[in-house]
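Trainee: Based on what follows, work out the 3D shape:
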Amino acid sequence: MLVNLGCEMRFRGIPTPEKNLMNNIIYIIGLIVVILFILGFFGLR
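Mentor: Numbers count the residues shown, from 1 in each chain. Next up is the predicted model:
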């Protein structure tokens, strides 16, 4: 119930710059990790 409410508030609420910045940083870090993982995987082959 609390998790569902949190998700609704996150999507319906007005996004603050702090939340957008955090989401962008997490997204960019995720992309970098995936790219490094793929490069490392092909490098080991």
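Trainee: SS state for Ile25?
Mentor: Here Ile25 is helix, with the state taken from DSSP: H, G, I helix; E, B strand; the rest coil.
Trainee: Can you read off the pLDDT for it?
Mentor: Model confidence at Ile25, given as pLDDT, is 90.
Trainee: So it versus Lys19, what's the distance?
Mentor: Per C-beta to C-beta, to the nearest Å, Ile25 is found 11 Å from Lys19. Backbone N, C-alpha and C define where each C-beta goes, glycine included.
Trainee: now Leu44
Mentor: Taking C-beta to C-beta, one finds Leu44 at 37 Å from Lys19.
Trainee: neighbour count winner among these two?
Mentor: Using other C-beta atoms under 10 Å, the more surrounded residue of Leu44 and Lys19 is Lys19, with 12 against 6.
Trainee: tell me which element the more buried one falls in.
Mentor: Using DSSP states H and E, Lys19 sits in helix 17-44.
Trainee: Report pLDDT for Leu31.
Mentor: 95.
Trainee: count of neighbours near it?
Mentor: 10.
Trainee: Around Leu39, count how many other residues there are.
Mentor: Look at Leu39: counted by other C-beta under 10 Å, it has 10 neighbours.
Trainee: Kindly apply the preceding question to Ile28 instead.
Mentor: Neighbours around Ile28, by other C-beta under 10 Å: 10.
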